[in-house]
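Asker: Have a look at this prediction, sequence included:
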Amino acid sequence: MSTDTKKPDIRDIETFLYDEASLLDRPDLDKWIEMYTDDGTYWMPAIEDQEDPLNHISIYYDDRVLMEIRRRNFVHPRAASKDYKVRCSHIISNVRIESITDDELLVTSNFQCVMYYNNKQTLYAGKYTHKLVAVNGGFKIRHKRVDLINCDGVLGTIIIYI
């Protein structure tokens, strides 16, 4: 994307984020991973305002290889995650375009995710930061950051991406 091109339509971005949330709700990790670029990353910091994922411990910091490993483990018939069905509901709001550069769009949004797993319902909430790139008239995720409002609190097992 170029800074002198037309600003992307916020509705197209919202639709893209809603599609991602829908894939996580099902969960359909095969199609979800396809939403990422080959160099895509998923990061969930362990502390508020964490500056980077490489010099600090994170809840998640996955590249495409690790996302694929988690996906395979999640769908494997003997995986512990198969003992109970995972049900999720994501709500996304306050979608904002923060910046546009030559090749990237920085988008933030608020989210709530209710997850039901192993007879327990858990609420996660926070802020998403997506770095999106334009691909074939649509978008792909180059980087997704998930800042939980209670990232430094006691968290149970997060069985799936949020």
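Answerer: Okay, I see it. Residues are numbered from 1 along each chain as shown.
Asker: quick one: the helices in this structure?
Answerer: Here the chain has its helices, by DSSP state H, at 10-25, 29-34, 64-75.
Asker: Figure out which of these is closest to Ser99.
Answerer: Evaluated over these, closeness to Ser99 peaks at helix 10-25, with 12.9 Å, by C-beta to C-beta. C-beta here means a position set from N, CA and C on the backbone, and glycine is covered the same way.
Asker: quick one: buried residues of the longest strand seen in the chain?
Answerer: Counting residues, the longest strand found in the chain (DSSP state E) is strand 120-135. By neighbour count with 16 or more other C-beta atoms under 10 Å, strand 120-135 contains the buried residues 122, 124, 126, 128, 130-133.
Asker: okay, the helices of the chain in CSV with distance to Cys151 and mean neighbour count next?
Answerer: As requested, the helices of the chain are exported to CSV (distance: least, C-beta to C-beta, whole Å; neighbours: other C-beta atoms under 10 Å):
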stretch, distance to Cys151, mean neighbour count
helix 10-25, 18, 16
helix 29-34, 22, 16
helix 64-75, 19, 14
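Asker: Minimum distance to Ile141: which of these has it?
Answerer: Between the helices of the chain, helix 10-25 lies closest to Ile141; by C-beta to C-beta that is 7.5 Å.
Asker: how far off strand 120-135 does that closest one point, in degrees?
Answerer: Here helix 10-25 runs at an angle of 140 degrees relative to strand 120-135 (axes from the mean of the first three to the mean of the last three C-alpha atoms, to 10 degrees).
Asker: Report the rounded mean pLDDT for helix 10-25.
Answerer: Across helix 10-25, the average pLDDT comes to 97.
Asker: This completes my enquiry, with thanks.
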